[in-house]
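Undergrad: Here you go, sequence then predicted model.
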Amino acid sequence: MSIIPSDSNIFIIDLEYCVPLTQVEPLIPAHITFLEKYYERGVFLASGAKVPREGGVILAISKSKEVVQNLIKQDPFYVAGVAKYSITEFTPSNKAKELF
């Protein structure tokens, strides 16, 4: 059984900080709480800081880009205006049957 439902696509959410990291860091605990909420719901697959630390990436599963755009608006980084977001949607033509 695949972790990606057949009626869903994968979304690469790319965050780019638009303020100094010192303004981002106080928001990290709230951002982590936001991430955990959507991990628990099975929406987020992976997330983490970019190297170098100029932003981050979130991998999500959803039936629509609109859903992803709406949940991004709940991210404390978005609310505070400290990051710009881009979303790339793709339909997986091949996928893992299970994780590890």
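TA: Great, that's in hand. Residues are numbered from 1 along each chain as shown.
Undergrad: CA atoms for contacts and neighbours, from now on please.
TA: Noted.
Undergrad: can you point me to the longest helix in this structure?
TA: Secondary structure of the chain per DSSP state H: the longest helix is helix 28-40.
Undergrad: so who does the nearest residue to K63 once chain neighbours are set aside touch?
TA: Spatial nearest neighbour of K63, chain neighbours left out: S8 (4.3 Å); criterion: C-alpha to C-alpha, 6 or more residues apart in numbering. Contacts for S8 were tallied using C-alpha atoms under 8 Å, 6 or more residues apart in numbering; they are I61, S62, K63, S64, T91.
Undergrad: SS state for the residue nearest the centre of the chain?
TA: With distances taken as C-alpha atoms, centre = their mean, I58 lies nearest the centre of the chain, 2.8 Å away. Using DSSP: H, G, I helix; E, B strand; the rest coil, the structure places I58 in strand.
Undergrad: tally of neighbours for the closest residue to it other than its chain neighbours?
TA: With sequence-adjacent residues excluded and distances taken as C-alpha to C-alpha, 6+ apart, I58 is closest to S47, at 4.2 Å. Neighbourhood size, S47 [other C-alpha atoms under 10 Å]: 17.
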